[in-house]
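Trainee: Pasting the sequence and the predicted model now:
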Amino acid sequence: MPGTGTGTGTGGAVRRVGPVLPLLAVVVLLAVPPPEGGPGGTGGTVADAASGLLVVYTAARLLRDRARPLSRTAAVVLGLPVLGVCAAAVASCDPAASLPGVVRYLQVFVLVPAAVVLLLRDRRDFRLTAWALVGLALAQGAVGTVQNLTGTGASYMGEDVRAVGTFGATDVMGMATAVAYGLVAAVALALGSPGRRSRAVALGCAALLLFPLVVSFSRGAWIATAAACALLLVLSGPLRAVRVALVAGAAGVVLVAGLGVGSQLVTERVASISQVTDTPDRSVTDRYTMWAAAVGMWRSEPVTGVGLKGFPAYRDAHASLALSSGSDTAGAGRDFAKQPLLSPHNMYLLVLGEQGLLGLLALAGGWLALLVCGLRRLRAAPDGARPGPGSAGRWGAPADCGLVAVGLLGWQLVDFAYADIGGPATVLTSLVLGLAGWWALEPGAGAGARVRAGDGVRGVGRPRSAERGGVCPAPAGAEGGAVHG
């Protein structure tokens with residue numbers, strides 16, 4: 001019959017992936033080098049624009065399908081940041097100056113995560129997005145590896161060996177964040193995927209991402225990655241955790257020993273993590289000085305803070321003389337420049353200083369709720385409740401989606417102690433929060449495909465009957481002909 005065969009199969013595949021293409025486009029566009037003066041400056045990026053279109057696209061589909069977008073629990077948890085952000089903006093001494101901060105916080109912590117939750121329909125969409133993160137990490141890691149080996153990266157300790165990928169010298173955390181996300185996702189897929197081939201591919205990707213993560217020289221990314229992978233190993237079973245830890249330790253020795261001249265830089269960087277009071281380097285001194293300044297801002301305005309985007313204006317009034325004039329940036333195609341210190345490099349203290357205790361409780365409370373609900377759903381997932389032959393630890397396989405969501409969220413919560421939002425990698429943060437939100441809050445996430453209004457494929461949102469109460473919705477069974485991804 002005409003129209004059947006390969007053409008139909010290809011068309012079906014396109015229709016199957018079509019609804020999440022805008023989400024995948026945001027990930028792909030993060031490989032585009034930022035414009036001059038963008039991150040670290042005042043402009044946006046192509047990925048930022050794509051994330052805005054993602055929100056518009058999702059809203060348009062909601063209006064078309066006339067379906068209730070989120071459950072009450074999801075709406076409350078994802079909408080919590082609005083309370084602190086709006087309160088801080090209204091109470092600010094300069095509400096007009098705080099307005100860009102309102103837009104940015106709502107984009108990163110509310111709108112884009114909600115759009116991700118609404119667009120993901122089942123585990124296949126989730127896995128596709130997770131593999132897209134791994135692909136982005138491999139691309140950025142490849143660029144960073146070349147930069148390190150050829151001496152064309154950002155300047156570090158007088159040498160242009162710091163891997164920064166396409167993000168440039170003004171955003172040294174960008175590549176480290178992208179590579180760390182991909183590594184954690186790959187480890188989770190390797191531990192939880194049901195197929196041997198997918199586990200082997202994921203494990204190979206994780207191994208390839210180790211080197212670029214090391215030569216990013218990002219201490220915060222190292223610590224967060226180690227913590228997230230340790231959490232994943234514990235969740236996957238104690239015996240597996242011990243075996244993988246031994247293999248990872250041996251691989252780390254081989255990597256560091258094979259770095260040549262760079263091994264000394266890596267050793268010094270690792271040693272600097274513990275040098276807090278005993279001759280700390282300039283970056284450590286600046287960081288702790290800015291942390292103290294953020295705490296001082298909170299003490300002056302404990303409830304609502306000094307206002308969004310207020311840290312640079314109030315920094316000098318609360319910082320000691322130990323604070324330097326800025327950080328030095330050079331290399332990776334850029335001339336030497338002084339980059340101003342516009343944030344404390346600690347998300348929790350940034351929110352505490354600019355939004356006060358109300359803002360911190362709203363933001364961190366939502367993140368903690370996502371983590372608790374995600375862990376609870378992972379534990380109670382019906383297809384992973386009973387370990388079997390070849391299963392991935394206590395929860396068995398396939399538990400890959402839950403492990404990816406919990407691992408990425410755990411990484412982010414640890415990394416926020418050493419970094420904050422800023423630069424093109426911030427869009428990745430919002431996507432990660434969306435992935436965690438889908439797993440933790442969606443009624444159909446633990447069982448397979450989501451129930452949809454209409455034909456179950458095109459719709460965004462859910463009918464009223466799919467809504468569930470409770471703080472952490474229990475994993476649903478097979479609802480409305482749901483198909484396991």
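Mentor: Good, I have the coordinates.
Trainee: For residue 155, grab phi and psi.
Mentor: Per-residue torsions, residue 155: phi -70, psi 130 (degrees, to the nearest 10).
Trainee: On the pLDDT front, check residue 373 for me.
Mentor: pLDDT for residue 373: 93.
Trainee: Can you point out the buried residues in the helix or strand where residue 379 lies?
Mentor: In this structure, residue 379 is located in helix 347-380 according to DSSP states H and E. Using 16 or more other Cβ atoms under 10 Å as the test for burial, helix 347-380 gives 347-364, 366-367, 369-371, 373-378. Every residue, glycine included, has its C-beta placed from N, CA and C.
Trainee: Tell me where the stretch 51-200 of the chain has helices.
Mentor: For the stretch 51-200 of the chain, helices defined by DSSP state H, counting those that start in this stretch occupy the ranges 72-91, 95-106, 112-119, 123-150, 172-192, 196-214.
Trainee: okay, these, which one's buried deepest?
Mentor: The densest packing among the helices of the stretch 51-200 of the chain, expressed as mean neighbour count by mean count of other Cβ atoms under 10 Å, is seen in helix 172-192 with a mean of 29.
Trainee: Now do that one: distance to the chain's middle.
Mentor: In terms of Cα atoms, centre = their mean, to the nearest Å, the centre of helix 172-192 is found 9 Å from the chain centre.
Trainee: okay, the angle between that helix and helix 123-150?
Mentor: Put simply, helix 172-192 runs at 130 degrees to helix 123-150, going by axes from the mean of the first three to the mean of the last three Cα atoms, to 10 degrees.
Trainee: So which elements touch helix 172-192?
Mentor: Packed against helix 172-192 by the contact rule (3 or more Cβ pairs under 8 Å, 6 or more residues apart in numbering; DSSP states H and E) you find helix 123-150, helix 196-214, helix 219-236, helix 400-415, helix 425-441.
Trainee: again, only this time at 6 Å
Mentor: Counting contacts by 3 or more Cβ pairs under 6 Å, 6 or more residues apart in numbering; DSSP states H and E, helix 172-192 packs against helix 123-150, helix 196-214, helix 219-236, helix 400-415.
Trainee: Columns distance to residue 314 and mean pLDDT on top of those helices, output as CSV?
Mentor: Below are the helices and strands packed on helix 172-192 laid out as CSV (distance: least, Cβ to Cβ, whole Å; pLDDT from 0 to 100):
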stretch, distance to residue 314, mean pLDDT
helix 123-150, 35, 94
helix 196-214, 34, 91
helix 219-236, 24, 91
helix 400-415, 25, 95
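Trainee: could you dump those helices to TSV with distance to residue 27?
Mentor: Formatted as TSV, the entries for the helices and strands packed on helix 172-192 read as follows, by distance: least, Cβ to Cβ, whole Å:
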stretch	distance to residue 27
helix 123-150	4
helix 196-214	15
helix 219-236	18
helix 400-415	13
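Trainee: Quick check: which of these is nearest to residue 89?
Mentor: helix 400-415 (24.1 Å; Cβ to Cβ).
Trainee: neighbouring contacts of that closest one?
Mentor: With contacts defined as Cβ atoms under 6 Å, 6 or more residues apart in numbering, helix 400-415 is touched by 123, 126, 130, 184-185, 188-189, 191-193, 220, 224, 227-228, 231-232, 370-371, 374, 378, 432, 435-436, 439.
Trainee: and what of stretch 46-60?
Mentor: Contact partners of stretch 46-60, identified using Cβ under 6 Å, 6+ apart, comprise 22, 25-26, 29-30, 32, 111-112, 115, 118-119, 424, 427.
Trainee: Can you tell me which of those is nearest residue 301?
Mentor: Proximity to residue 301 was ranked across the contacts of stretch 46-60 by Cβ to Cβ; first place goes to residue 111, at 26.5 Å.
Trainee: In contact with that closest one, which residues?
Mentor: Contacts of residue 111 were listed using Cβ under 6 Å, 6+ apart, and they are residue 55.
Trainee: hang on, the earlier thing: check which helices and strands the helix holding residue 379 sits against.
Mentor: Contacts of helix 347-380 with other secondary structure elements, assessed using 3+ Cβ pairs under 6 Å, 6+ apart, are made with helix 72-91, helix 282-300, helix 400-415, helix 425-441.
Trainee: what angle sits between the third one and helix 123-150?
Mentor: I take that to be helix 400-415. Relative orientation of helix 400-415 with respect to helix 123-150: 50 degrees, computed using the same axes, to 10 degrees.
Trainee: Same check on the first one?
Mentor: Following the same axes, to 10 degrees, one obtains 50 degrees for the angle between helix 72-91 and helix 123-150.
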